[in-house]
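Chemist: Just the structure for this:
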Amino acid sequence: MLLDVELSVLRGFLTASEAAEWKQNILTSAEAGSLLQLLMDGDFEAVLLSPQVSDLLSGDGNCSDGEDIEAFLERRVLLYLTDATSDDKVNRELAVMVLAVTCLHIFAQSNWTGPPVSIHAPDLLPPALVSSQVQTLNEAIYASLLLDGESVYSLVANPFFLLLAKVILVKCSSKMDSLQLLPWWTLRYINLHQQILEARSPQLLDLARSSMEKALKCKSLFSDQRNLAIQFYLECVYINLTYYEYQPAKEHIKKAKELSGLEINMTGALGKRTRFQQNYLPQLLLEVKQKKDQPDDDSSPTPTPLANLPKDCELGDDTVLDQINFAEPNRYELPDLSAEEQAVILGVCTDFQKNNPVHKLTQEELLAFTTCLLSQPKFWALEVTALCLRAKLERGNSRRIERAMMQTQAIVGHFEDKNCPVTERLKVFYCSQAPPRWAVQKQLASLLTDLGCTSSALLIYEKLELWEDAVICYERLGQHGKAEEIVRRELEKKETPSLYCLLGDILRDHQYYDRAWELSGRRSARAMRSKALLHLRNKEFQPCIDCFEESVRVNTMQLGVWFSLGCAYFALEGYEGAAKAFQRCVGLEPDNSEAWNNLSTAYIRLRQKDKAYRTLQEALKCNYEHWQIWENFVTVCIDVGAFNDAIKAYHRLMDLRENYKDVQILQILVRAVVENLTDRQGEPAATFQSSLKELLGRASSRHSSDSEIWRQYARVYGDGHSTNPEDNEKALQFLSKAYRCEVQAGGWEKDRELFKEVISRAINMGQVTISCSKMKSNPAEAIQKLSSTRLSLRSLATKAKQMHTDMATGQIHAELQDDVSALEQLITELQELSEKLRSQSQ
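Modeler: This is a model prediction of the structure:
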């Protein structure tokens, strides 16, 4: 019974069967009945002004001296919950839950959906409490909502309602044990609270994890309520993505897709994009299919009338069509999608966006998602989110940026529109991640900046009190002094840590960051972060590290700070500190390839090669195209004895870089295979001989003038000393090529040591030629090989006499005398063998 009520409240409306049940049993209950009726009707202000809520919040109107507002609210809620008889306990818990839900809805209405609300905190609180606050009421509320040193956006409307929801759902939830699904509402509170903070909060992440775990224990929700279960998993996806938890997000989106029964795939179809296009060309589109056996039910919200939704602005371009004109429009026609199905498509789109780089192809794929969603305008939150995403994607296109600006302006204006009731706007709101109104206005200002309307953008930023963006606009307008002036003017009105940080950014002066740090009670992560970045800019690495450490002590969820801290440790060769910093980086964002790569570099410097090998494997999973990571990986593979991985990595480097060559790596791989060393798994390296031959074949074809690569290729085939005649033939072929490349390279003739090496290799080639010729069944082929080698050696002997004969004595220099004698003797042997074979063939 109680669970059914919770499910209906979560859904936001009653099904036909529930309406009859509620009328008979629920709405007649003394405390909660009338509140539930008001909540389901969307009359949130009436809930807050009801006698029950008035009694709960005000009571006799007394408050303790110096009691802050959060402590007062907690005391009043706990008193209301514990002062009930056992029969009335559940009723009161329901009433408090209704109050928490109402607070979340009215806070969302004030800041996300609109239309604006007329009720405010002082209307609900006892005058004695309002007058007893040390700070103003709003300052006291902001102070209670500040978490992990991250400040709240200054123009948040009605933050009191979020605070009251926080008190009920976080501080008093232990006294409401009759309610099973309260943790889901806690998740919704977390989502809203995080969006008004400057950066991610570790406290909210911990609370989110425990809330998900508790909510998942309600088995009946996931077995009987398919649509609500889809919404829950999608809300989990957005929480996970916010906190860089990409793998749990993938698991939740997978479950939501499975429950929805949708098949979502990118595909292509012939179509035209422009008005003057003659031929149909392949176009990208999203193909969505429903499972045929999905049950129809009335637990999914009904669509909002089109007139109440934000206007979808037409492109109106003289060349580009508003929509792609497909050759077969009926072939990929979308099925009629429910609210949850559209929300799943949006969730898949968001997950795709977060897991792919900013790239033209990625943008085209995301536009396919938005086109799909906007083709069936039904629900306010989904429509706004899709329109905002499309506007973001179109801002880089000269033919579409004007539509992007008009569209964003239309959404901003729609916030004030009172024609669309809040109940319609809140349908699937929590599982759509619609942007807050100031984020949409900021997006409009950013578009105006792109269009060169910097002054217009500046007015919006100043109105939104987004001073950092306002300062950038002043800098673009060349009014450098005005930036400082406006921040000082705001500081005269009210001193805040963020304003002092901004003044420090403008003047690049540490004293303002220090002032911000002290003003915040040493709790401003931003102050220490900015101070550290200034030290980093000035290459003052030790104080930079100290400030970064202070910042992450206050808030551990600062991805950029951990990364910069690792880089600062690198500059001071503090590799242990760097390793810890980059470990935190990859812990926060597991697909950050640069952090993985830097972590492996730290391990290499610490001589922890096995750890470096594993971290580089993770880096490559995140970025398969980064040749520097592959270069590090091939080196580490050699160091740890992962020879097979080294061969694969070398192939990948040749794919990525046309002229890639590392002879030293090839030499080590050849030595490992020839000497049959064991790899890190204990396998003999000789098992990789065929793959190494393939690699050397590819390397030699690309670098056909490199003598060393040909020599290594010959070594793999036994260097001419194999028991297999075919291998010896190939080795001789490669040795001959190596010799020719070396002789043609030049630069060795005058250096006696180098000349000596060339003679040594030539003698080896001659000996291999003799042994191969003796094995030949065809004397003509053998004679040809002997003659070719003899000519090469004779040329070398002649060059030795020309370049290294002592003019006084007429003798070859002593260093080369023995080598040249051996060379001439070998030439004689080759001549004799040739003559012998000729006489045999006659």
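Chemist: For the lengthiest helix in the chain, which residues meet the burial criterion?
Modeler: In the chain, assigned by DSSP state H, the helix with the most residues is helix 814-841. By neighbour count on 16 or more other CB atoms under 10 Å, the buried set for helix 814-841 is L816, D819, V820, L823, L826, I827, E829, L830, L833, S834, L837. C-beta coordinates here come from the backbone N, C-alpha and C atoms, glycine included.
Chemist: what distance separates it from the middle of the whole chain?
Modeler: How far helix 814-841 lies from its chain's middle: 68 Å, per CA atoms, centre = their mean, to the nearest Å.
Chemist: quick one: average confidence on that helix?
Modeler: Across helix 814-841, pLDDT averages out at 78.
Chemist: And for stretch 196-211?
Modeler: Mean pLDDT, stretch 196-211: 94.
Chemist: Figure out how far that stretch is from the centre of its chain.
Modeler: Centroid separation for stretch 196-211 versus its chain: 18 Å, with CA atoms, centre = their mean.
Chemist: Please export the C-alpha coordinates of it as CSV.
Modeler: Taking C-alpha atoms only, stretch 196-211 is exported to CSV below (Å, rounded to 0.1, in the frame of the first residue of the first chain):
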residue,chain,number,x,y,z
ILE,A,196,24.5,24.5,-8.8
LEU,A,197,28.0,23.9,-7.5
GLU,A,198,31.2,25.3,-9.1
ALA,A,199,32.8,21.8,-9.3
ARG,A,200,32.1,18.2,-8.4
SER,A,201,31.6,17.3,-4.8
PRO,A,202,33.0,14.1,-3.3
GLN,A,203,30.4,14.2,-0.5
LEU,A,204,27.6,14.1,-3.0
LEU,A,205,29.3,11.3,-4.9
ASP,A,206,29.5,9.1,-1.7
LEU,A,207,25.9,9.9,-1.0
ALA,A,208,24.9,9.0,-4.6
ARG,A,209,26.6,5.7,-4.4
SER,A,210,24.9,4.7,-1.1
SER,A,211,21.5,6.0,-2.4
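Chemist: if we look at that stretch, which residues are touching it?
Modeler: Residues outside stretch 196-211 that contact it (CB atoms under 8 Å, 6 or more residues apart in numbering): 111, 145, 147-148, 150-153, 156, 159, 162, 170, 183-184, 186-187, 190, 193-194, 239, 242-243, 436, 498, 525-526, 555-558.
Chemist: what's the answer for stretch 43-61, then?
Modeler: 31, 34-35, 38-39, 73, 76-77, 79-80, 95-96, 98-99, 102, 105-106, 109, 117-119, 123-128, 422.
Chemist: Which among those residues count as buried?
Modeler: Buried among these by 16+ other CB under 10 Å: 31, 34-35, 38-39, 73, 76-77, 80, 95-96, 98-99, 102, 105-106, 109, 117, 119, 124-126, 422.
Chemist: and the gap between D351 and A256?
Modeler: D351 sits 10 Å away from A256, going by CB to CB, to the nearest Å.
Chemist: quick one: which of these two has more around it?
Modeler: Per other CB atoms under 10 Å, whichever of D351 and A256 has more neighbours is A256, with 26 against 21.
Chemist: The more buried one in helix, strand or coil?
Modeler: The local conformation at A256, judged by DSSP: H, G, I helix; E, B strand; the rest coil, is helix.
Chemist: doesn't K442 make contact with L466?
Modeler: Yes. Applying CB atoms under 8 Å, one finds L466 in contact with K442, separated by 6.3 Å.
Chemist: Can you pull out the low-pLDDT segments for this protein?
Modeler: Residues of the chain that meet the criterion pLDDT under 70 lie in 1, 26-31, 60-66, 87, 132-135, 293-297, 808, 841-842.
Chemist: What segments of it are strands?
Modeler: 262-274, 281-290, 320-326 (DSSP state E).
Chemist: Go through the ones you listed and name the closest to L565.
Modeler: If you check each of these against L565 by CB to CB, strand 262-274 wins as the nearest, at 39.1 Å.
Chemist: Report the distance from that closest one to the chain centre.
Modeler: Remark: strand 262-274 is offset 26 Å from the chain centroid, using CA atoms, centre = their mean.
Chemist: List the pairing partners of it within its sheet, with orientation.
Modeler: Using DSSP bridges, the strands paired with strand 262-274 are strand 281-290 (antiparallel), strand 320-326 (antiparallel).
Chemist: hmm, who's touching the first one?
Modeler: Contacts to strand 281-290, defined as CB under 8 Å, 6+ apart, come from residues 261-273, 324, 326, 332, 334-335, 337, 341, 345, 364-365, 368-369, 371-372.
Chemist: Tell me how far L285 lies from Q353.
Modeler: On the measure of CB to CB, L285 and Q353 end up 17 Å apart.
Chemist: ok, residues contacting stretch 404-416?
Modeler: Here stretch 404-416 makes contact (CB under 8 Å, 6+ apart) with 113-116, 310-313, 384, 387-388, 390-392, 394-395, 420, 437, 440-441, 443-444, 447-448, 451.
Chemist: Using PDB, write out the CA atom coordinates for it.
Modeler: Extracted in PDB, the C-alpha atoms of stretch 404-416 (Å, rounded to 0.1, in the frame of the first residue of the first chain):
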ATOM      1  CA  ALA A 404      21.300  28.000 -33.100                       C
ATOM      2  CA  MET A 405      21.100  31.600 -31.600                       C
ATOM      3  CA  MET A 406      17.400  32.000 -32.400                       C
ATOM      4  CA  GLN A 407      16.700  28.600 -30.900                       C
ATOM      5  CA  THR A 408      18.600  29.300 -27.700                       C
ATOM      6  CA  GLN A 409      16.800  32.700 -27.400                       C
ATOM      7  CA  ALA A 410      13.400  30.900 -27.800                       C
ATOM      8  CA  ILE A 411      14.300  28.500 -25.000                       C
ATOM      9  CA  VAL A 412      15.400  31.400 -22.700                       C
ATOM     10  CA  GLY A 413      12.100  33.200 -23.400                       C
ATOM     11  CA  HIS A 414      10.000  30.100 -22.900                       C
ATOM     12  CA  PHE A 415      11.100  30.000 -19.200                       C
ATOM     13  CA  GLU A 416       8.800  32.900 -18.500                       C
END
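Chemist: Buried residues in that stretch, which are they?
Modeler: Burial within stretch 404-416, assessed by neighbour count using 16+ other CB under 10 Å, is assigned to A404, M405, M406, Q407, T408, Q409, I411, V412, H414, F415.
Chemist: Same question for stretch 600-611.
Modeler: Buried, per 16+ other CB under 10 Å, within stretch 600-611: S600, T601, A602, Y603, I604, R605, Q608, K609, K611.
Chemist: What is the nearest of those to L620?
Modeler: Out of the buried residues of stretch 600-611, the member with the shortest distance to L620 (by CB to CB) is S600, at 10.2 Å.
Chemist: list the contacts for the closest one?
Modeler: With CB under 8 Å, 6+ apart, S600 has these contacts: K611, A612, Y613, T615, L616, A619, N632, V636.
Chemist: Out of those, which sit inside helices?
Modeler: The members of the contacts of S600 that map onto helices under DSSP H are K611, A612, Y613, T615, L616, A619, N632, V636.
Chemist: before we move on, the earlier item: could you dump the strands paired with strand 262-274 to JSON lines with distance to E757 and mean neighbour count?
Modeler: Formatted as JSON lines, the strands paired with strand 262-274 follow (distance: least, CB to CB, whole Å; neighbours: other CB atoms under 10 Å):
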{"stretch": "strand 281-290", "distance to E757": "58", "mean neighbour count": "16"}
{"stretch": "strand 320-326", "distance to E757": "67", "mean neighbour count": "15"}
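Chemist: Among the strands of the chain, which comes closest to D655?
Modeler: strand 262-274 (24.5 Å).
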